[in-house]
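Asks: give me a 3D structure for the following:
(one chain, ligands or ions: 2)
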Amino acid sequence: MNCLSPSILASDFSKLGSQVELLDRAGAQYVHIDIMDGMFVPSISMGFPVMKSIRPLTDRIFDVHLMIQEPERYINEFVDAGADLLTVHAEACTNLERTIQKIKEKGIIAGVAIKPSTPVEQIAGVLKEVDMVLVMMVNPGFGGQKLIPGTIDKVWELKQMINEMGLETDIEVDGGVTLDNVGKVMDAGANIVVAGSAIFHGDVEDNVRQFLSYMSE
Ligand SMILES: O=C(CO)[C@@H](O)[C@H](O)COP(=O)(O)O
Ligand SMILES: [Fe+2]
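Replies: Ligands and ions are numbered 1, 2, ... in the order given. Predicted coordinates for the structure are as follows:
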């Protein structure tokens, strides 16, 4: 199934609650929550209190993208804060297999993410264990960047690998996705689309609807 996951990093934080309600009303299936620790990536974004405060506002899937070093330290806390889907970076884990196992033991959806410079082969060993692979289309750390064209080939490559292994793993693309390039990334094999700055400008509800109608074609 194709799903849209608007990234609230690009939202107006002074009215975060009403913006999340708006995403829900417009039909976005996921809410993408970027967690940055100032170590794995240079920036610091938000944490448990923010997640807890918006959790009662929607039943949509909380798609939590952990850009933090050694994420295994905080899995329990993110689940308690309302995560439905936890994605950890392959580059950030001391023991990737154990981290994924720990997420799955909590009964939620498990994802693994790779940076643009990380080859898909690096996650071949955990593909059978995860529900989703997040392919970064920009270097993680900031919203509003331009999609790096070579990353689309990585999505193709990953899709092929998933098919060859007889799996049905979801592929999420994150960073620089707009209405102009969403067709290309979906043709390459992505079925979950993160969009931040392309959603949070002008009429947010209308932007969500435009993405959704494009993605259902
Ligand atoms: O994880 C990240 C950035 O590190 C993303 O989720 C961005 O927040 C997406 O924003 P846009 O590139 O769509 O503006
Ligand atoms: Fe993200």
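Asks: and the contacts of the helix or strand containing residue 19?
Replies: Assigned by DSSP states H and E, residue 19 falls within helix 16-26. Helix 16-26 is contacted by residues 6, 8, 11-12, 31, 50, 53-54, 57-60, 199-200, 204-206, 208-209, 212 when judged by CB atoms under 8 Å, 6 or more residues apart in numbering. All C-beta spots, glycine's among them, are computed from the backbone N, C-alpha and C.
Asks: give the next helix or strand downstream of it.
Replies: strand 30-36.
Asks: that following strand - what's its average pLDDT?
Replies: Average pLDDT, strand 30-36: 98.
Asks: neighbouring contacts of it?
Replies: 3-9, 20, 23, 43-47, 51, 54, 58, 60-68, 78, 83, 85, 140-141, 143, 174, 192, 194, 196.
Asks: show me those that map onto helices.
Replies: Within the contacts of strand 30-36, residues falling in helices by DSSP state H are 20, 23, 51, 54, 78.
Asks: can you pull the pLDDT of the closest residue to ligand 1 within the chain?
Replies: Here the residue of the chain nearest ligand 1 is residue 196; by CB to the nearest ligand atom that distance is 2.7 Å. Looking at residue 196, its pLDDT is 98.
Asks: enumerate the residues of this protein near ligand 1.
Replies: Contact residues (CB under 6 Å from any ligand atom) of the chain with ligand 1: 7, 9-10, 32, 34, 65, 67, 138, 140-145, 174-177, 194-198.
Asks: what's the PyMOL line that selects buried ones from those residues?
Replies: Of the residues of the chain next to ligand 1, the buried ones can be selected in PyMOL as follows, counting by 16 or more other CB atoms under 10 Å:
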select buried, resi 7+9+10+32+34+65+67+138+140+141+142+143+174+175+176+177+194+195+196+198
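Asks: so which of the residues of the chain next to ligand 1 are also by ligand 2?
Replies: With CB under 5 Å from the ion as the criterion, the residues of the chain next to ligand 1 include 34, 65, 174 near ligand 2.
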